[in-house]
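Student: Please work out how this folds:
(3 chains)
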Amino acid sequence: MVDLSQYLPILIFLAIAQGLSAAFVFLPIGVAYLTGAHKPDAEKLSEYECGFPAFEDPRSQFDVRFYLVAILFIIFDLEAAFLFPWAVSLDVTGWPGWITMMIFLAELVIGFAYAWKKGALEWE
Amino acid sequence: MDFAASLSLVAPEILLSTAGLVLLLVAAWAGDGASRAISIASVAVLAACAFMVAPALCSGAMGPDTVAFSGQFRADAFASFAKLLIYAAGGAALIVAPAFFERVHAMRAEYPVLILFAVLGMGLMVSASDLLTLYIGLELNSLAAYVLAAFLRDDERSAEAGLKYFVLGALASGILLFGMSLTYGFTGTTSFEGIRAALSGTISMGALFGAIFMLAGLSFKIAAVPFHMWTPDVYEGAPTPVTTFFATAPKVAAVALSMRVTLDAFGGQVAAWQQIVIFAALASVIVGALGAIGQTNIKRLLAYSSINNVGFILIGLAAATPQGASAMLVYLAIYIAMSVGGFVAVLMLKDADGAPVEGIAEIAGLSRHRKVLAACLAMVMFSLAGIPPLFGFWGKFVVFQAAVQAGLVPLAAIGIAASVIGAFYYLKVVKVMYFDEPANVAVGKSDWAHQALLAIAALFISPLGYLLTRWLGALADKAAAALFLAA
Amino acid sequence: MIQVLAFYLFATLVIASAVFVIMSRNPVHSVLWLIVAFFNAAGLMVLVGAEFIAMLLVIVYVGAVAVLFLFVVMMLDIDFAELRAGFIRNFPLGIAIALVLVAELVLGIGAERAGALKLGTPDGTAAPLMDRSNIEAIGALLYSRYLFLFESAGIILLVAMIGAIVLTHRERSDTRRQNISKQVKRRPDEATINVKPEVGKGVQL
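Tutor: Here you go, the predicted model:
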């Protein structure tokens, strides 16, 4: 079992950070609500865009190329995640473990070379 | 663990992955113009792998010498038999592709590379003797298959097929994983041997649920009823060379994997899964036969036919005997030949511009202007229907024989009755080709590679195939013996 | 005590944010709530001592998968009114799936109560590492006993990369690309020409 008490500082830090950020968000809202005038009507709440009703959804569609970049990122991210347990256990796994990781990296380097040559990493 | 021995056992897999990596780089640098050369190199690699696994089959390798990586991988005669079929089917899918894709300028150099990686995944599946190997192999194969299904990305039907296959396949993988975790939780091990030992007494409720969920996930992969609904859409939408691949290699791999799981891991608990397999077998035979009747697209028709054939294969699994397993392997070998023949014949149906023809009405009167093609297609149809002089009959015969000897007489009787229903739609295609007014649509010329493949497949399923029965039966017996020794 | 508090904190937040994932009207908000859920799930993983899994949740799920979800959500052209209509129409199906999930939960709890659950005994290389952190234990198994499967997993990642490129990457002919090697190879004498045009005539390049 892991000694969990080593995580206590970060837990306290998180609690304080959360408390403070909540205060920063909700305090001004509360103060404004208590001190300001609050008389909404239909005209005030309607959206305004140069006198016209909105033509289209303000969210524009993303290009599919973002997806390609994101999936390449996931793959290399996973590859990096595999490096952590490898690095800390090398004293147990020894040379076979080292060679294993090198082959694994080689596989993905080949993939990287392929992606590069294909131009998947270029934007234009 | 002896690394050297393990590595020599996985030599075909190492060759496949190395070749895949090298050809990927060639594909990137040489571009799509080199697709044909890469395809030829891939076929050569598959042939080399076939030569590497053949000795294990001929010598009937089994026992502890065939186990690699502390029980995760098993390169015995059973795996070799399945791998030979997979390599053959993969090679066929590679040979038929260039002519099809080049017409629409969509032949890309990644196609053979993806096929190689899919074949690698299937090799892992049929050699799996651990739940982890099973899952890794299955995912490798499936991931490559999803991409292949959507390979014609500008074609809406192909994209739809890829998406459908991906969503449903991911769901099936999830179900399989759920079953695997239950099995692991209740047996405490992932190795098939360990699961079998842990389940030697009465099976606990949790392990039973694990087995059922695993069977459900595997039924999806072999497209057995009630997990067949994706098959017609995917087979119709995917490019025809890819459909040729889907109908053959993954089916062998998934059936062989199901055999390993049921007869090896859950081999001590036959009663737990036998009813499920019997149900899936009968339902597949009947739904496959009835569903095919109204079809107007020949690829959809062949999809239902594959569901129907999976039902017959599962009848052999329901027997749960070495004889049943051997019969399944014989059936699989014949089924591969029939499927390759059927889909290659479909690939050869082209109109005057070379565009593929898929409608059954459009091949009316084919026998007048494409005599040989019509004869081959008719032979495939008769063989799929199991009409005696053709080799397709032999596969059904050995399966029913095994079922009867295992005491499953009613199952065999219903299966035979259903195969008569199934014969109806196969004969309908033959009738359309030979007796209807010619539509004169499918008049295009075909590629010589297609003709050669169709000739080989037709020769195999012709009555001449019976010369091979003794040899094929002996090999299948060796493979089945290896499977049952492992169990 | 503090562990119990932390557990309830994380567990409540996971469930609350999971509820918000499906209740949000805006799919982008759903994804953001999902990120919160992943973070808190990572906290739970730390509590049970699975630090590596916790790290994977943060790095891979929060860092990459959630971003991918966000891109996909923003790529789709979603008609919210239609989506909501679908919600009403598919409500019975949703209830049915919920019932199946409840049944699974009951089954799981029942299975645990039955006491038949026995975990596997770690064998071989894992045994001497029991007193070390689980990252080391995972590494010791993954890179020795399971090295073959680890390499196969690498091939799966590679196939995913090929698949993404094959399906989404297009050569664009309408854009001018920078060809660096061509630029570097260019010499002054090819780039400039010296001509002496006659009077009253133009220059043909």
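Student: Mind telling me what element whatever residue of chain A ends up closest to chain B is part of?
Tutor: Chain B sits closest to residue A:117 of chain A, with a gap of 4.0 Å, by C-beta to the nearest C-beta. The C-beta positions use only the backbone N, C-alpha and C, and glycine is treated the same way. Using DSSP states H and E, residue A:117 sits within helix A:90-118.
Student: how distant is that helix from the center of its chain?
Tutor: 26 Å (C-alpha atoms, centre = their mean, to the nearest Å).
Student: Could you give the backbone dihedrals for residue B:294?
Tutor: phi -80, psi 0 (degrees, to the nearest 10).
Student: got the CA coordinates for the helix or strand of chain A with the lowest mean pLDDT in CSV?
Tutor: When the helices and strands of chain A are compared on mean pLDDT, DSSP states H and E, helix A:42-45 comes out lowest with a mean of 78. Provided in CSV are the C-alpha atoms of helix A:42-45 (Å, rounded to 0.1, in the frame of the first residue of the first chain):
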residue,chain,number,x,y,z
ALA,A,42,-37.5,41.2,-22.9
GLU,A,43,-35.8,43.8,-25.0
LYS,A,44,-32.8,44.0,-22.7
LEU,A,45,-32.3,40.3,-22.7
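Student: quick one: that helix to chain centroid distance?
Tutor: Centroid displacement of helix A:42-45 relative to its chain, using C-alpha atoms, centre = their mean, is 36 Å.
Student: Which SSE is immediately downstream of that helix?
Tutor: Immediately after helix A:42-45, counting by DSSP H and E, sits helix A:64-88.
Student: what angle sits between that following helix and helix A:90-118?
Tutor: 160 degrees (axes from the mean of the first three to the mean of the last three C-alpha atoms, to 10 degrees).
Student: List the buried residues in helix A:64-88.
Tutor: A:65-72, A:74-79, A:81-82, A:84-86, A:88 (16 or more other C-beta atoms under 10 Å in any protein chain shown).
Student: got it, and stretch B:375-385?
Tutor: So stretch B:375-385, judged by 16+ other C-beta under 10 Å, has buried residues B:376, B:377, B:378, B:379, B:380, B:381, B:382, B:383, B:384, B:385.
Student: what residues does chain A put near chain B?
Tutor: A:96, A:107, A:110, A:111, A:113, A:114, A:117, A:118 (C-beta under 8 Å from any C-beta of the partner chain).
Student: The third one and chain C, how far apart?
Tutor: In other words, residue A:110. 7 Å (C-beta to the nearest C-beta, to the nearest Å).
Student: now swap in the second one and tell me
Tutor: As judged by C-beta to the nearest C-beta, residue A:107 and chain C stand 4 Å apart.
Student: what sits against that residue?
Tutor: B:21, C:151, C:154, C:155, C:157, C:158 (C-beta atoms under 8 Å, 6 or more residues apart in numbering or on different chains).
Student: Would you mark the buried spots in stretch C:158-173?
Tutor: Judged by neighbour count (16+ other C-beta under 10 Å), stretch C:158-173 contains these buried residues: C:158, C:159, C:160, C:161, C:162, C:163, C:164, C:165, C:166, C:167, C:169.
Student: Could I get the phi/psi values of residue B:266?
Tutor: According to degrees, to the nearest 10, residue B:266 has phi -100, psi 30.
Student: about what we covered before: could you dump the buried residues of stretch C:158-173 to TSV with secondary structure and distance to chain A?
Tutor: Listed next are the buried residues of stretch C:158-173 as TSV, based on DSSP: H, G, I helix; E, B strand; the rest coil; distance: C-beta to the nearest C-beta, whole Å:
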residue	secondary structure	distance to chain A
C:158	helix	5
C:159	helix	9
C:160	helix	6
C:161	helix	5
C:162	helix	7
C:163	helix	9
C:164	helix	4
C:165	helix	5
C:166	helix	9
C:167	helix	9
C:169	coil	5
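Student: neighbouring contacts of the host helix or strand of residue C:55?
Tutor: Residue C:55 is part of helix C:51-56, with elements assigned from DSSP H and E. Applying C-beta under 8 Å, 6+ apart, the contact partners of helix C:51-56 are A:2, A:81, A:84, A:85, C:42, C:43, C:45, C:46, C:133, C:134, C:135, C:138.
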